[in-house]
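In: please find the sequence and the predicted model below.
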Amino acid sequence: MAKHYWTILMTYIVMQLSGYPGAKLFQYFDIPNPIVSYSVVSFLGALIVMLFLLRSTPDVPFERSTRVSAGQAVSWSILGVFMAYCAQIIAAMIEVNVLGIDPGSENTEMLMDVAKATPIFIIVISIIGPILEEIVFRKVIFGALYTRFNFWIAGIASSVVFAAIHLDFDHILVYTAMGLTFAFLYVKTKRLIVPIIAHMTMNTIVVLINVFYADDIADLQKQVEQMQSFIGGLLT
């Protein structure tokens, strides 16, 4: 593993573990919304540190010359969103029909509630978070394992860690499936920006649906249910 990768991992770990004391510090200085405010500052700070470290890190595990063209990267980014959603749906179906796990993620619901209450947190969910996670779990962890093992070992190991960090263990299969998809996109294109864009797009869509268009979707569902009841009454 490249020497700066260890620093990147430690930066991510410190960022994750500093949430409680950091929020308490912000609260002490009467900073509004201390938990959210510290999250934004810590995520942004960690991203700046990681990007700085990556500038002086060799191109591993893929050489720059092996990367797909910019046009192909755009195409794979778009396709990657659909691939990730398909993987997520298949995994969710297995959870429900085979494992008997109820659909819906408490972790996602909690994040959406925070985003509704404090819109600035959307920056973390939609932009900073996905970039950090792709650097840590695809570039660093998957990349280091991929140089020593095959895709499946590196992909599953890094994706399980990626899933576990979300602390939503009932749906660990869904997160693992998404992680494997992002790892595939990284290997296929040799460009980290591709899984980053796919990841950011997925998170942004979730935010749009749950934060900005939740009421419209609820009204539409109600109208569909009313129409179904009306048609059902005619048929009987």
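Out: Alright, I've got the coordinates.
In: run the chain-centre distance for the helix or strand where Ala183 lies.
Out: Assigned by DSSP states H and E, Ala183 belongs to helix 172-189. Here helix 172-189 is found 10 Å from its chain centre; the criterion is CA atoms, centre = their mean, to the nearest Å.
In: using PDB, list the CA coordinates for it.
Out: Taking C-alpha atoms only, helix 172-189 is exported to PDB below (Å, rounded to 0.1, in the frame of the first residue of the first chain):
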ATOM      1  CA  ILE A 172     -25.500  -4.900   4.600                       C
ATOM      2  CA  LEU A 173     -26.200  -7.000   1.400                       C
ATOM      3  CA  VAL A 174     -27.600  -3.900  -0.400                       C
ATOM      4  CA  TYR A 175     -24.600  -1.800   0.500                       C
ATOM      5  CA  THR A 176     -22.200  -4.600  -0.400                       C
ATOM      6  CA  ALA A 177     -23.900  -4.900  -3.800                       C
ATOM      7  CA  MET A 178     -23.500  -1.200  -4.400                       C
ATOM      8  CA  GLY A 179     -19.900  -1.300  -3.400                       C
ATOM      9  CA  LEU A 180     -19.200  -4.200  -5.800                       C
ATOM     10  CA  THR A 181     -20.800  -2.200  -8.600                       C
ATOM     11  CA  PHE A 182     -18.600   0.800  -7.900                       C
ATOM     12  CA  ALA A 183     -15.500  -1.400  -7.700                       C
ATOM     13  CA  PHE A 184     -16.500  -2.900 -11.100                       C
ATOM     14  CA  LEU A 185     -16.800   0.600 -12.600                       C
ATOM     15  CA  TYR A 186     -13.400   1.500 -11.200                       C
ATOM     16  CA  VAL A 187     -11.700  -1.600 -12.700                       C
ATOM     17  CA  LYS A 188     -13.500  -1.300 -16.000                       C
ATOM     18  CA  THR A 189     -12.600   2.400 -16.600                       C
END
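In: give the buried residues for it.
Out: 172-187, 189 (16 or more other CB atoms under 10 Å). Just so you know, the C-beta spots here come from the backbone N, C-alpha and C atoms, and that holds for glycine as well.
In: low-confidence ranges in this structure?
Out: Low-confidence segments of the chain (pLDDT under 70): 1, 214-236.
In: can you give me the helices in it?
Out: Ranges of helices within the chain are 3-17, 19-28, 34-55, 70-97, 106-117, 122-123, 129-133, 143-146, 151-164, 172-189, 193-207, 214-235, based on DSSP state H.
In: for the fifth one, packing partners?
Out: Under the contact criterion of 3 or more CB pairs under 8 Å, 6 or more residues apart in numbering; DSSP states H and E, the helices and strands touching helix 106-117 comprise helix 193-207.
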